[in-house]
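Q: Fold the stuff below for me.
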Amino acid sequence: MLFVGVDVSHTQINTALANVIHPSVTFKVGQSEELPIESDSVDVLTAVQAAHYFDLRRFFDEADRVLKRDGVLALVHVDFPGQCLTSTLFYESIKIFNPFFQKYDIPVSAEIFNSKYETIEMPFPETHVFTSDEVFDTTFDDIIDLYMTTSHFEHMRSEQNLTKAEGRQALVNWFTDFGVNDDIKTAKHKFKVETLVRASIKK
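A: Take a look at the predicted model:
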């Protein structure tokens, strides 16, 4: 069995490849609408915290192409409820990345995300929903490091001609202006993650 991770961000793929610990796991740069995967070869296809950015019609066509019969398409929605540091920075960070969302239809994306994917009409009739809640520890540096792997951060650096270090400092400066003080930056924070999975089975 082979596990293949696909992401549009070269940085996320390079980070993943640097941490591969099993020969059955690999990662590729690609888009959801043109998956670098052979037809009728996939048992389970997942999209985590990403479906609200997709051209869903084209993505569902790709899902139908790559999934085997009885294969499962799972759309995973992740939310950070409450006023913890992670949720605050997650939602406020949209302001800094707004200029780099030009390829996306932001109003539709926001509607889909805020509905927890309930507004998405899944491509196969048999669909199941699963939920879970978990609590994690994190730090301000962990959050900044995560943002630095995203395609939005790559676009920001490219358009502003910033080195990775300069881009990181730009993020830190923006969050500092937002009100993240030294006490917040050095403390450990707990955050709750709510996960909802909509799984559709190809027949």
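Q: Quick check, pLDDT for residue 97.
A: Looking at residue 97, its pLDDT is 63.
Q: And residue 193, which helix or strand is it part of?
A: Assigned by DSSP states H and E, residue 193 belongs to strand 188-201.
Q: Strand partners (parallel or antiparallel) of that strand?
A: strand 67-79 (antiparallel), strand 126-139 (antiparallel) (DSSP bridges).
Q: mind checking which of the ones you listed is nearest residue 171?
A: Closest to residue 171 of the strands paired with strand 188-201 is strand 126-139 (CB to CB; 14.3 Å). For glycine as for every other residue, the C-beta is placed from the backbone atoms N, C-alpha and C.
Q: which other helices and strands contact the helix or strand just after that closest one?
A: With elements assigned by DSSP H and E, the helix or strand that comes after strand 126-139 is helix 140-147. The contact analysis (3 or more CB pairs under 8 Å, 6 or more residues apart in numbering; DSSP states H and E) places helix 140-147 against helix 85-97, helix 164-178, helix 182-186.
Q: At the geometric centre of this protein, which residue sits there?
A: residue 49 (4.1 Å; CA atoms, centre = their mean).
Q: what sits against the nearest residue to it once chain neighbours are set aside?
A: Leaving aside its sequence neighbours, residue 49 sits nearest to residue 78 (CB to CB, 6 or more residues apart in numbering; 4.7 Å). Contacts for residue 78 (CB atoms under 8 Å, 6 or more residues apart in numbering) come out as 48, 49, 193, 194, 195.
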